[in-house]
Every structure is written in structure tokens, then in C-alpha cells.
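Colleague: model this:
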Amino acid sequence: MDTKRAMTKAIKERKNTDPPLNRININKNIQSELKKLEGMTTEDFVTTNTHSFFVYQGLSPDYLDYDPETWSQRDDFRQCMNVVNHARVVNDNAERGVALT
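Modeller: You can find the predicted model right below:
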């Protein structure tokens, strides 16, 4: 639950960084990038920009205003989980190229 609480706080408070936290800049020293990633936790990849996921999917983020222990009882959370669990994920550029052709 602590991770969920930290992620909820981050989505409301942590401003985006440049470059985005979810991307590794391989033009820099790869060792320093890997060292930085070693110390990161799940909530480090969440920013206020993460809120756009809900907007693009037409989902309500209202459940984030409540304690994570109550989320499973909320219809808006269950709807979000249904969308996420059924989402098709493309992992890399090569797969995207195959998927688009």
C-alpha cells in the first residue's frame, strides 16, 4: 500500500522532468544512467503527466483521491483495472514496425 500511496502523491505533485523519467538517454554515459535506475522505485516513474493516461482512455481518476485500501471497492477503479488488464502492449520499435505493416 505504501507504493500505491507514494504513486498517488507523485501523480498529483511531481512535475515532469526533462528528459522524462520513463526514458533512458543512451547518448549519455550508460553506466551513470544504469546507476541512476538502480536507485529508482516505481513511484519515481510517476509524474503529473501520468494523469494524461486517464484522459486519453476516457477514465475517471477520482479513485486516486481515496486511500488505496478502498480502491477495490470502487467502480471507477475496477473500470480502470479492466482497461489496463485488456490493453495490448507493444514493447519496442521492432514490434511496432511489424504491428503497423
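
Colleague: ok, residue 89 - how many residues close by?
Modeller: Per other Cβ atoms under 10 Å, the neighbour tally for residue 89 reads 6. Quick note: C-beta positions are derived from backbone N, CA and C, even for glycine.

Colleague: SS state for it?
Modeller: Secondary structure, DSSP: H, G, I helix; E, B strand; the rest coil: residue 89 is coil.

Colleague: pLDDT score assigned to it?
Modeller: Note on residue 89: pLDDT of 77.

Colleague: do you know how far it is from residue 74?
Modeller: 24 Å (Cβ to Cβ, to the nearest Å).

Colleague: swap in residue 65?
Modeller: Residue 65 is 10 Å from residue 74, by Cβ to Cβ.

Colleague: Compare the two and say which is more crowded by neighbours.
Modeller: Legend: neighbour count by other Cβ under 10 Å for residue 65 and residue 74, higher for residue 74 (14 against 8).

Colleague: Chain neighbours aside, what residue packs nearest to the more buried one?
Modeller: residue 63 (4.8 Å; Cβ to Cβ, 6 or more residues apart in numbering).
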